[in-house]
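> here is the input, now give the coordinates:
(chains A, B, C and D)
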Number of protein chains: 2
Amino acid sequence: MSGRPIRDRKTERRQAAIDEILESAWHLAGEEGLAGLSLRAIAGEVGMRPQSLYSYFDSKSAIYDAMYAEGARRFLDGQQDLEFVGDMRTDIETIGRYFVGFCTEDPVRYQLLFQRTIPGFEPSPESFAISVQSLELIGARLISLGIDDPRDLDLFTAIGTGLIDQQISNDPGGDRWTRLLDDAIDMYVAHVTRGSGVGRRTT
Amino acid sequence: MSGRPIRDRKTERRQAAIDEILESAWHLAGEEGLAGLSLRAIAGEVGMRPQSLYSYFDSKSAIYDAMYAEGARRFLDGQQDLEFVGDMRTDIETIGRYFVGFCTEDPVRYQLLFQRTIPGFEPSPESFAISVQSLELIGARLISLGIDDPRDLDLFTAIGTGLIDQQISNDPGGDRWTRLLDDAIDMYVAHVTRGSGVGRRTT
DNA sequence: GTCTATATTTGGATAGAC
DNA sequence: GTCTATCCAAATATAGAC
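Predicted coordinates:
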């Protein structure tokens, strides 16, 4: 009897088509805005009729969800490649730079992952779980650095998104806010170490 | 000869209709999302045919712009009512509370005024000028408190929008991030006064 | 100023032949 | 899996009667 071949050429072609569709979706979202994305435009770019997209995705929402999952996965993967040294200032900066860099390098992806501005769309539980994992990793890292108050984790994410949000909204393509990251981290580290003995002056 | 009456009833009726349209626009943007706003839905609420709206607004963009102007005006007016005492910690908190309160009490308004997520819309120069005025007022206030580095103004707005953004995106209706405002202000004030002599310990 | 009528475009989605 | 054909709905916008 003939066993199943190692490579499934049909599945590979299908996956390639899916990848192409998503690539086009990202591109067009960048051009027209995330909320302005349309199946017709995607189909036009990949050389299909709009209806043919339904062979790959059940709905427009499903495309948004696949984009969300892809973005969240990419963030998580990059995050796991970060190298930490155990020093608070250094490691906080590593996370902060990664976060800010990732978000500003693709504002549309930031909007999809971290804001709630697409009417009617919310990520599926499976896709959302990827994001939750990222946040948990950051939380665990902060704890390992001695930052164990959950409020300080929330403050950290707020500072990050604040710089990113202002950068994207008010100086797109520039660095008016991202260049403040160093200062912001100094400020944050000073805050979480206040009165802890570390770096405190003995009067 | 008959002089012009003090009150122009026709103009008053027209203004009332405009107000009603905008009120409905805000309401529907809250229900369907800002990007999901439609002239049909507005017309339905105010008891008109969609086409009749064109007697009041040239386009859908013009409605967005009127909403923008109204929001910006409201922010500026409320801002001018704030009372300051000259103490940095107190006055920064006054501004911060106002900013966070204003934005979180109406997330759609925040999205329209402070983010850039509506494909194809940007405020007219006249409307935008109102926002600029608000930012200038905050900047002047910070300077009067001795915070004269423009970077520190940008850092301040970043912290504010960061708390607001996280609050709206990840805990809508709650206070998980807004309750961190006090801590955030402590952190910020400590940062801008670092090494300034004020509050510094003499070793 | 509001309506009817209509133009025009665009969008998401389904049925069925090939 | 892709196509043709279509549907249906919704959207913005204009012309002209009343």
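
> hmm, who's touching the longest helix seen in chain A?
The longest helix of chain A (DSSP state H) is helix A:9-32. If you take CB atoms under 8 Å, 6 or more residues apart in numbering or on different chains as the criterion, helix A:9-32 is touched by A:36-38, A:41-42, A:45-46, A:53, A:56-57, A:63, A:66-67, A:70, A:106, A:108-109, A:112, B:119. Backbone N, C-alpha and C define where each C-beta goes, glycine included.

> mind checking which of these are buried?
Listed as buried from the contacts of helix A:9-32 are A:37, A:41-42, A:46, A:53, A:56-57, A:63, A:66-67, A:70, A:106, A:108-109, A:112; burial here means 16 or more other CB atoms under 10 Å in any protein chain shown.

> looking at these, which are in helices?
Using DSSP H, the buried ones among the contacts of helix A:9-32 in helices are A:41-42, A:46, A:63, A:66-67, A:70, A:108-109, A:112.

> closest to DNA strand C among those residues?
Here the nearest of these to DNA strand C, counting by CB to the nearest atom of the strand, is A:Ala41; it sits at 5.9 Å.

> from A:Val46, how far out is the residue nearest to that closest one when sequence neighbours are not counted?
Setting aside the residues directly before and after it, A:Ala41 is nearest to A:Leu28 in space (CB to CB, 6 or more residues apart in numbering or on different chains), at 5.1 Å. Separation of A:Leu28 from A:Val46 (CB to CB, to the nearest Å): 10 Å.

> please apply the same query to A:Phe128.
For A:Phe128 relative to A:Val46 (CB to CB), the value is 27 Å.

> please name the nearest non-neighbouring residue to the residue of chain A found nearest chain B.
Closest approach of chain A to chain B (CB to the nearest CB) occurs at A:Gly162, with a separation of 2.3 Å. Excluding the flanking residues, the one nearest A:Gly162 by CB to CB, 6+ apart is B:Gly162, at 2.3 Å.

> pull out the buried positions in the helix or strand harbouring that neighbour.
Secondary-structure assignment from DSSP states H and E places B:Gly162 in helix B:150-170. Across helix B:150-170, burial judged by 16+ other CB under 10 Å covers B:152-170.

> next to DNA strand D, which bits of chain A? Give me the list.
By the rule CB under 7 Å from any atom of the strand, the part of chain A lying against DNA strand D is A:14, A:17, A:47-49, A:51-52, A:55-56.

> and if we set it to 10 Å?
Neighbours of DNA strand D within chain A, by CB under 10 Å from any atom of the strand: A:10-11, A:13-18, A:20-21, A:40, A:43, A:46-56, A:119.

> out of the residues you listed, which touch DNA strand C?
Contacts with DNA strand C within the residues of chain A next to DNA strand D, counted by CB under 10 Å from any atom of the strand: A:40, A:43, A:49-55.

> what about these, which are in strands?
Assigned to strands by DSSP state E, none of these qualify.

> which one of those residues has the most neighbours?
For these, the largest number of neighbours (other CB atoms under 10 Å in any protein chain shown) sits with A:Leu53, at 22 neighbours.

> just checking, that one touches A:Glu45?
No. Counting by CB atoms under 8 Å, A:Leu53 sits too far from A:Glu45 to count as a contact (11.0 Å).
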